[in-house]
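1. Pasted the sequence and its predicted model underneath.
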Amino acid sequence: EAQVTQNPRYLITVTGKKLTVTCSQNMNHEYMSWYRQDPGLGLRQIYYSMNVEVTDKGDVPEGYKVSRKEKRNFPLILESPSPNQTSLYFCASSLLYGELFFGEGSRLTVL
Amino acid sequence: QKEVEQNSGPLSVPEGAIASLNCTYSDRGSQSFFWYRQYSGKSPELIMFIYSNGDKEDGRFTAQLNKASQYVSLLIRDSQPSDSATYLCAVNIPNTGNQFYFGTGTSLTVIP
């Protein structure tokens, strides 16, 4: 089954404790992206990647890191999480210029 | 800023009626246009995509694109309570590196 898989789906952590949200797709898509979704603000892009070893900042990259060492994986790293990073996070992938496929989302709470 | 604007709603329609959702975009380099449906707490799922001016129909859904007016819409015919969700408009702009830009969504409620 074609899918984008994110883990963990739910996470509660404390300020400053590094965490990684994994994202993996099995559709051989070149493009992968991370979004955060907050009430009233819609989907905002954090980082995106056009292909392996190619990443670039989206609209809200501060406090986040990514890497793209393999085509299928695009982890999101929060080196020192803060409460303002409490949000619902989505990973997505697509063929270039095609539709975006979304993962199921990861709900993160930073205390 | 590549703006995509949607009326946030809420939009309420009776069951069986036509729901009309609208979206405008600012960048004339926008090439592909997508409508996603999102239930509360769930991930967005694709409803329709459209690339060319005019109408595109898929079952009860019709997407309409007018590039001259920078306007894209989604019509839902014979609306059902299960259509109650937030609808996200998205545009893809190739010359920004395959970037997708989303509106904030329109909340639709179909009243039985």
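-> Received it, and whenever you're ready, just let me know what you need.

2. Every contact and neighbour count from this point should use C-alpha atoms.
-> Fine.

3. Just the buried positions in the longest strand along chain A, please.
-> In chain A, assigned by DSSP state E, the strand with the most residues is strand A:42-51. Within strand A:42-51, the residues that count as buried by 16 or more other Cα atoms under 10 Å in any protein chain shown are A:L43, A:R44, A:Q45, A:I46, A:Y47, A:Y48, A:S49, A:M50, A:N51.

4. CSV please, covering those and showing pLDDT and distance to chain B.
-> As requested, those are exported to CSV (pLDDT from 0 to 100; distance: Cα to the nearest Cα, whole Å):
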residue, pLDDT, distance to chain B
A:L43, 91, 6
A:R44, 92, 8
A:Q45, 92, 8
A:I46, 95, 12
A:Y47, 95, 10
A:Y48, 94, 8
A:S49, 94, 9
A:M50, 91, 7
A:N51, 91, 11
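
5. thinking again about what came up before, list the neighbouring strands of the longest strand of chain A plus their orientation.
-> Strand partners for strand A:42-51, identified by DSSP bridges, are recorded as strand A:31-38 (antiparallel), strand A:54-57 (antiparallel).

6. Which residue is the nearest non-sequential neighbour of the residue of chain B found nearest chain A?
-> Of all residues in chain B, B:T104 sits closest to chain A, at 4.2 Å by Cα to the nearest Cα. Excluding its sequence neighbours, the residue lying closest to B:T104 (Cα to Cα, 6 or more residues apart in numbering or on different chains) is A:G42, at 4.2 Å.

7. What pLDDT does the model give the spatially closest residue to B:A85 that is not a sequence neighbour?
-> What sits nearest to B:A85 in space, not counting adjacent residues and going by Cα to Cα, 6+ apart, is B:Y39, at 4.9 Å. What the model reports as pLDDT for B:Y39 is 95.

8. can you pull the contacts of B:Y39?
-> B:S84, B:A85, B:T86 (Cα atoms under 8 Å, 6 or more residues apart in numbering or on different chains).

9. how near is it to A:L41?
-> B:Y39 sits 16 Å away from A:L41, going by Cα to Cα, to the nearest Å.

10. Check A:Q6 too.
-> Taken as Cα to Cα, the span from A:Q6 to A:L41 is 22 Å.

11. Settle it for me: which of these two has more neighbours?
-> A:Q6 (23 against 11; other Cα atoms under 10 Å in any protein chain shown).

12. The more buried one contacts A:T22, correct?
-> Yes - the pair A:Q6 / A:T22 is scored as a contact, 5.5 Å apart, by Cα atoms under 8 Å.

13. Chain A: strands as residue ranges?
-> Using DSSP E, strands in chain A cover A:4-7, A:10-13, A:19-25, A:31-38, A:42-51, A:54-57, A:65-66, A:76-78, A:87-94, A:101-102, A:106-110.

14. Apart from its chain neighbours, what residue comes closest to A:E104?
-> B:S43 (5.3 Å).

15. So that neighbour is in contact with A:S106, correct?
-> No - B:S43 sits out of contact with A:S106 when judged by Cα under 8 Å, with a separation of 9.8 Å.

16. tell me which parts of chain A are close to chain B?
-> Within chain A, the positions lying close to chain B (Cα under 8 Å from any Cα of the partner chain) are A:31, A:40-44, A:50, A:90, A:96-97, A:99-105.

17. do that again at 10 Å, thanks
-> Listed as neighbours of chain B in chain A under the rule Cα under 10 Å from any Cα of the partner chain: A:31, A:33, A:37-45, A:48-50, A:56, A:58-59, A:88-92, A:94-107.

18. Pull out the buried residues from these.
-> By 16+ other Cα under 10 Å, the residues of chain A next to chain B give A:31, A:33, A:37, A:43-45, A:48-50, A:58, A:88-92, A:94-107 as buried.

19. All set, thanks.
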